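1. Structure for this input, please:
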Amino acid sequence: MADRGPTIPREEAAVWAQDLTRTFGSFIAVDHITFAVAQGEVFGFLGANGAGKTTAIKMLTGLLAPSGGTAHTAGYDVAEQPDEVKRRIGYMSQRFALYDDLTVKENVRFYGGVYGLTDRQIAERMAAMLARLGFERMARERVGRLPLGWKQKLDFSVALLHEPEVVFLDEPTGGVDPVTRRQFWELIYAAAQGGTTVFVTTHYMDEAEYCDRVSIMVAGTIAALGTPAELKAQFAAASIDEVFLRLARPVEEAASS
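-> Residues are numbered from 1 along each chain as shown. Got it, this is the predicted structure:
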């Protein structure tokens, strides 16, 4: 157990959790986790399948009520003000969220309306987004015809369309080639430099090295938390992958024995 009290005051944090807990009957999915994420930080949220990270994200995004503890996202209590939380965050799931049978422009217009943007805001932000991605010629192309990497970059950009304070990315680069993954991370860095906090989960341990800080969940708790350099030094490891295996493997072996 390596949970530490939040080092960032709640009023200044983009994401703040104190003893956040979620149970399902007698099963403890998330066990009193405590941490804080700074505004504009790229924060890696790692954990093996079943470690509790998906449940934690559901609480932090206002989709699931905590069983105990408190958490604030974008300044709002996730239990008491979930609708306010949802208005101020972006979310990109593991599954592609845009509509394959709509064109690029139609998808942007649709989600802009969902986010409550005006027609003028949608038009201005769409033009800037398409230029940034180099998608101007693809604006009238049906999304289902785009290569996977292009789809994922578009999905991420649409999640940022309403200029959220925090964007949650759930394994955003799954299935794409290394070059496209690197390009995607350039988009992440640009978003963070613009002031958006990026909260990202990934199973690619090399991507964890790109984050400002990383937490590793094991059996519902945060077993390690720090910058990649700090964690490698703490565990005398050459990589975050090695740190992850040292923490997660004993739990997996105990569960299978």
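
2. residue ranges with poor pLDDT in the stretch 1-150 of the chain?
-> Residue ranges of the stretch 1-150 of the chain with pLDDT under 70: 1-7.

3. now do 50
-> Applying pLDDT under 50 to the stretch 1-150 of the chain flags the ranges 1-4.

4. show me where it has helices.
-> Using DSSP state H, counting those that start in this stretch, the helices of the stretch 1-150 of the chain run over residues 53-60, 82-87, 104-114, 119-133, 148-159.

5. Could you do the stretch 151-257 of the chain as well?
-> 178-193, 205-208, 228-234, 240-256.

6. can you redo the ones you listed as a markdown table with mean pLDDT and distance to residue 17?
-> The C-beta positions use only the backbone N, C-alpha and C, and glycine is treated the same way. Below are these laid out as a markdown table (pLDDT from 0 to 100; distance: least, C-beta to C-beta, whole Å):
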| stretch | mean pLDDT | distance to residue 17 |
| --- | --- | --- |
| helix 178-193 | 92 | 20 |
| helix 205-208 | 89 | 20 |
| helix 228-234 | 96 | 19 |
| helix 240-256 | 75 | 20 |
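
7. picking up where we left off before, can you tell which of the helices of the stretch 1-150 of the chain is closest to residue 236?
-> helix 53-60 (25.0 Å; C-beta to C-beta).

8. quick revisit: now distance to residue 71 and mean neighbour count too, for the helices of the stretch 151-257 of the chain, in JSON lines please.
-> What follows is the helices of the stretch 151-257 of the chain, written out as JSON lines (distance: least, C-beta to C-beta, whole Å; neighbours: other C-beta atoms under 10 Å):
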{"stretch": "helix 178-193", "distance to residue 71": "21", "mean neighbour count": "15"}
{"stretch": "helix 205-208", "distance to residue 71": "22", "mean neighbour count": "20"}
{"stretch": "helix 228-234", "distance to residue 71": "23", "mean neighbour count": "15"}
{"stretch": "helix 240-256", "distance to residue 71": "23", "mean neighbour count": "15"}
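
9. quick one: which of these is nearest residue 159?
-> Across the helices of the stretch 151-257 of the chain, closest to residue 159 is helix 178-193 (C-beta to C-beta), at 9.4 Å.

10. Would you mind pulling the contact partners of the closest one?
-> 40-42, 149, 152-153, 156-157, 160, 167, 169, 172-173, 176, 198, 200, 204, 207, 210, 212 (C-beta atoms under 8 Å, 6 or more residues apart in numbering).

11. Now intersect those with the strands, please.
-> When the contacts of helix 178-193 are checked against strands (DSSP state E), the matches are 42, 167, 169, 198, 200.

12. Fine, thanks again, bye for now.
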